[in-house]
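*Asks:* got a predicted structure here, sequence first:
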Amino acid sequence: MTPTLKACFRAMLTAFINGSLALALMLLVEFAISGTLHMTEPYLWAGLLIWVIIFVAQFLRERHLCRSADS
């Protein structure tokens, strides 16, 4: 597998896990504060934004690590 595809897969997996955990934590806090579990649009946008930020950072990091390991 090429280093870019390997880095993309690892970054996507990490971003999905971290984004899901962040969304779950936001919903847990929402439930603790209000007593109801409402999946509002800002939570979805925040989860997506967290996913994108983590994906970009992890992709650049993993691509650098994969290229360094191949050299």
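*Replies:* Received it, and whenever you're ready, just let me know what you need.

*Asks:* for the chain, which helix is longest?
*Replies:* Counting by DSSP state H, the longest helix found in the chain is helix 3-34.

*Asks:* what is the helix or strand just after it packed up against?
*Replies:* The C-terminal neighbour of helix 3-34 among helices and strands, as given by DSSP states H and E, is helix 41-70. Secondary-structure packing of helix 41-70 (3 or more Cβ pairs under 8 Å, 6 or more residues apart in numbering; DSSP states H and E): helix 3-34. Bear in mind the C-beta positions are built from the backbone N, C-alpha and C, glycine included.

*Asks:* the helix it packs on vs helix 41-70, what angle?
*Replies:* 150 degrees (axes from the mean of the first three to the mean of the last three Cα atoms, to 10 degrees).

*Asks:* excluding sequence neighbours, find me the nearest residue to the residue positioned nearest the centre of the chain.
*Replies:* For the chain, the residue nearest the mean C-alpha position is A15 (2.4 Å; Cα atoms, centre = their mean). Distances taken as Cβ to Cβ, 6 or more residues apart in numbering put F55 closest to A15, at 3.8 Å, once the chain neighbours are dropped.

*Asks:* related to what we said a few turns ago, what's the residue nearest to the centre of the chain in contact with, if anything?
*Replies:* Counting by Cβ atoms under 8 Å, 6 or more residues apart in numbering, A15 touches W51, V52, I54, F55, Q58.

*Asks:* make it 6 Å
*Replies:* Under the criterion of Cβ atoms under 6 Å, 6 or more residues apart in numbering, the contact partners of A15 comprise W51, I54, F55.

*Asks:* now those residues in TSV, with pLDDT and neighbour count?
*Replies:* Output for the contacts of A15, formatted as TSV (pLDDT from 0 to 100; neighbours: other Cβ atoms under 10 Å):
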residue	pLDDT	neighbour count
W51	87	20
I54	87	19
F55	87	19
